[in-house]
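Asks: Need coordinates for the below:
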Amino acid sequence: MARDTVDSTPIESVAELAATLAEGCKPADKFRIGTEHEKFGFYVADRSPIPYHGDKGVRAVLEGMEKILGWDRIEDAGNIIGLADPKGGGAISIEPGGQFELSGAPLDNLHLTCREANAHLAHVRQVADPLGIGFLGVGMTPNWRRDEVPVMPKSRYEIMARYMPKVGSLGLDMMFRTSTIQVNLDFSSEADMVQKMRVGLALQPLATAIFANSPFTEGKPNGFKSFRGHIWTDTDADRTGDMPFAFEDGFGFERYVEWAIDVPMYFVKRGDRYFDATDTTFRQFMNGALEGKVPDARPNVGDWNNHLSTLFPDVRLKKYIEMRGADGGPWRRICALPALWVGLLYDQGVLDQAWQLVKDWTVEERAALRAEVPKTALQTPFRNGTLLDVAREVVALSKEGLKRRARMSDGDLDERVHLAPVEEGLAAGMCPADVLLKRYNGSWNGDLDNLFREYAY
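Replies: Sure thing, here's the model as predicted:
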């Protein structure tokens with residue numbers, strides 16, 4: 001999750017809020033790729049989750065990374081909760097259940113993205129190996145009960161954990177037992193943002209299917225390919241979903257703002273203190289609802305940026321666009337997820353083709369995909385075939401987009417090389433969860449210790 005910001009510039013109108021999003025517009029030659037990935041830390045000896053405190057806990061890993069990287073320390077109430085790269089713009093943070101996240105720097109091409117991920121994982125192993133700690137990339141903890149997962153000492157998470165059970169049955173599982181790979185991408189104009197948001201929202205269930213990697217809960221198959229995807233269907237209807245209004249005429253920065261300001265807030269941050277604001281929407285905040293309840297009770301740019309970071313639609317708009325549908329996965333998939341979306345969205349001709357593919361999909365069809373894909377992934381029926389058929393067409397488009405970008409590696413390969421694990425899966429008609437289930441029912445003989453042994457970074 002995002003680092004909470006402080007910017008005391010007053011903000012009073014929908015137009016001003018929309019203008020903050022429009023500040024993200026940039027020329028296409030300045031487009032960048034920001035990749036985020038989360039992973040679960042565990043003790044190699046017994047596959048148990050690692051707590052925050054102690055000389056072999058999350059704090060120790062963060063402090064070890066601080067020594068290696070020299071990045072700036074981020075603290076909450078005296079506890080180290082992350083690191084920020086003062087030069088490149090990347091950051092390391094911890095999620096509610098100790099999921100260890102790299103929020104990558106904005107980079108020019110996928111080769112640099114993959115190099116960044118590899119360097120990060122090497123640094124993590126350098127710190128974690130002597131502590132007996134490993135890290136696993138899957139979409140959901142495969143064997144831990146929720147009450148076994150440690151709670152990280154971040155103030156915003158305390159507020160969220162109290163609020164989640166009021167608005168959905170699976171929000172706490174989202175917080176404490178899931179992990180993801182995401183990519184953040186740029187737009188050149190409001191019209192470009194709209195087209196990318198619509199293509200991204202329509203195809204997000206497809207990304208969930210391709211990267212589905214959470215078929216186990218508490219040591220057994222859970223009946224889903226992406227249980228993480230299912231969790232998002234019952235977390236908090238106010239702030240999640242596929243945003244059908246994004247496909248309506250007139251959608252743009254202001255329409256997104258109008259939706260966002262009617263979502264209940266989580267908190268208002270003043271100095272180092274977090275004030276619970278879960279009974280107040282941002283619109284009510286703008287209208288004075290927190291007067292006398294928090295210091296400086298008029299909203300500012302920092303409040304707005306923090307509120308945007310607490311919205312969880314399938315595609316999220318800030319000064320860039322976040323693709324949020326994929327499960328966490330092994331290291332090759334960290335490079336493959338951004339490759340899929342960069343190929344689709346960063347070449348105008350391919351983006352136009354992708355829009356032609358999805359523009360006649362109905363609200364009902366998109367909703368059905370979102371509901372069914374967590375269970376059946378690539379085998380989900382769609383129109384006259386399955387989602388596997390659509391996936392092969394979409395990945396072919398993405399490959400064409402990456403070819404046209406012609407960003408070459410030191411080995412003189414273009415970015416299509418990073419789509420290889422996706423192509424391999426589609427050739428076999430299998431998502432990662434299908435492979436895991438096959439091994440669970442075969443050579444693993446139902447023993448998920450093998451997952452930790454074979455899939456740890």
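Asks: contacts, neighbours, all on C-alpha from now
Replies: Fine.
Asks: these two touch, right, Ala77 and Arg156?
Replies: No: at 11.5 Å, Ala77 does not count as touching Arg156 under the criterion of CA atoms under 8 Å.
Asks: who's more crowded, the two?
Replies: Arg156 (20 against 11; other CA atoms under 10 Å).
Asks: That one in helix, strand or coil?
Replies: Here Arg156 is helix, with the state taken from DSSP: H, G, I helix; E, B strand; the rest coil.
Asks: mind checking how far it is from Met265?
Replies: Look at Arg156 and Met265: by CA to CA, to the nearest Å, they are 11 Å apart.
Asks: Next: Thr180.
Replies: Where Met265 is concerned, Thr180 sits at a distance of 23 Å (CA to CA).
Asks: Repeat that for Glu258.
Replies: In terms of CA to CA, Glu258 sits 14 Å off from Met265.
Asks: what's the answer for Asn450, then?
Replies: In terms of CA to CA, Asn450 sits 42 Å off from Met265.
Asks: go on, Phe135?
Replies: Going from Phe135 to Met265 by CA to CA gives 33 Å.
Asks: what do you get for Val422?
Replies: 37 Å.
Asks: before we move on, the earlier item: Asn450 and Met265 - which one has more neighbours?
Replies: Met265 (26 against 15).
Asks: what sits against that one?
Replies: Ala277, Thr278, Asp279, Thr280, Thr281, Phe282, His307, Thr310 (CA atoms under 8 Å, 6 or more residues apart in numbering).
Asks: do that again at 10 Å, thanks
Replies: Residues near Met265 by CA atoms under 10 Å, 6 or more residues apart in numbering: 239, 276-285, 303-304, 306-308, 310-311.
Asks: residue ranges with poor pLDDT in the stretch 1-150 of the chain?
Replies: 1-6 (pLDDT under 70).
Asks: what about the helices in it?
Replies: Residue ranges of the helices in the stretch 1-150 of the chain, as given by DSSP state H, counting those that start in this stretch, are 14-22, 58-69, 110-128.
Asks: for those, which one sits closest to Gly271?
Replies: Closest to Gly271 of the helices of the stretch 1-150 of the chain, according to CA to CA: helix 14-22, at 22.1 Å.
Asks: Give me the contacts around that closest one.
Replies: 10-11, 13, 187-190, 193, 252-258, 261, 283, 286, 300-301, 304-305, 317-320.
Asks: Which among these count as buried?
Replies: The neighbour-count test (16 or more other CA atoms under 10 Å) marks 11, 187-188, 190, 193, 252-254, 256-258, 261, 283, 286, 300-301, 304-305, 317-320 as buried among the contacts of helix 14-22.
Asks: Please go through the protein and pick out the longest helix.
Replies: helix 190-210 (DSSP state H).
Asks: how big is the angle separating it from helix 14-22?
Replies: Between the axes of helix 190-210 and helix 14-22, defined by axes from the mean of the first three to the mean of the last three CA atoms, to 10 degrees, the angle is 60 degrees.
Asks: in helix 190-210, what counts as buried?
Replies: For helix 190-210, a neighbour-count test (16+ other CA under 10 Å) marks 190, 192-210 as buried.
Asks: is it true that Leu344 touches Glu393?
Replies: No: Leu344 is beyond contact range of Glu393, at 11.3 Å (criterion: CA atoms under 10 Å).
Asks: Those two: who's more crowded?
Replies: Legend: neighbour count by other CA under 10 Å for Leu344 and Glu393, higher for Leu344 (29 against 13).
Asks: what about the more buried one, which SS state?
Replies: Here Leu344 is helix, with the state taken from three-state DSSP.
Asks: list the contacts for it?
Replies: 196, 199-200, 338, 350-355, 394-402.
Asks: For Phe452, which non-adjacent residue is closest in space?
Replies: Once flanking residues are discounted, Phe452 sits nearest to Leu136: 6.7 Å by CA to CA, 6 or more residues apart in numbering.
Asks: so how many other residues sit close to that neighbour?
Replies: 26.
Asks: Quick check: neighbours shared by Ala77 and Arg156?
Replies: Arg273.
Asks: mind listing the strands in the stretch 301-450 of the chain by residue range?
Replies: Ranges of strands in the stretch 301-450 of the chain, per DSSP state E, counting those that start in this stretch, are 312-313, 315-317, 321-327, 381-382, 385-386.
Asks: partner strands of the second one, parallel or antiparallel?
Replies: Neighbouring strands of strand 315-317 in its sheet, by DSSP bridges, are strand 321-327 (antiparallel).
Asks: what's the spacing between the strand it pairs with and its chain's center?
Replies: Counting by CA atoms, centre = their mean, to the nearest Å, strand 321-327 is centred 5 Å from the centre of its parent chain.
Asks: Could you export it as CSV, CA atoms only?
Replies: Presented in CSV, the C-alpha positions along strand 321-327 are these (Å, rounded to 0.1, in the frame of the first residue of the first chain):
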residue,chain,number,x,y,z
ILE,A,321,-3.1,4.1,-13.7
GLU,A,322,-2.7,1.0,-11.5
MET,A,323,-3.5,-2.5,-12.9
ARG,A,324,-4.6,-4.5,-9.8
GLY,A,325,-5.9,-7.8,-10.9
ALA,A,326,-3.0,-10.2,-10.7
ASP,A,327,-2.0,-12.7,-7.9
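Asks: what's the angle between the lengthiest strand in the chain and helix 58-69?
Replies: Secondary structure of the chain per DSSP state E: the longest strand is strand 33-43. Orientation check (the same axes, to 10 degrees): strand 33-43 against helix 58-69 gives 130 degrees.
Asks: what packs against strand 33-43?
Replies: strand 91-94, strand 100-103, helix 110-128, strand 133-136, strand 180-185, strand 321-327, helix 331-345 (3 or more CA pairs under 10 Å, 6 or more residues apart in numbering; DSSP states H and E).
Asks: The same query, at a cut-off of 7 Å, please.
Replies: Where contact means 3 or more CA pairs under 7 Å, 6 or more residues apart in numbering; DSSP states H and E, strand 33-43 is packed against strand 100-103, strand 133-136, strand 180-185.
Asks: buried sites along the first one?
Replies: It refers to strand 100-103. For strand 100-103, by 16+ other CA under 10 Å, it's Phe100, Glu101, Leu102, Ser103.
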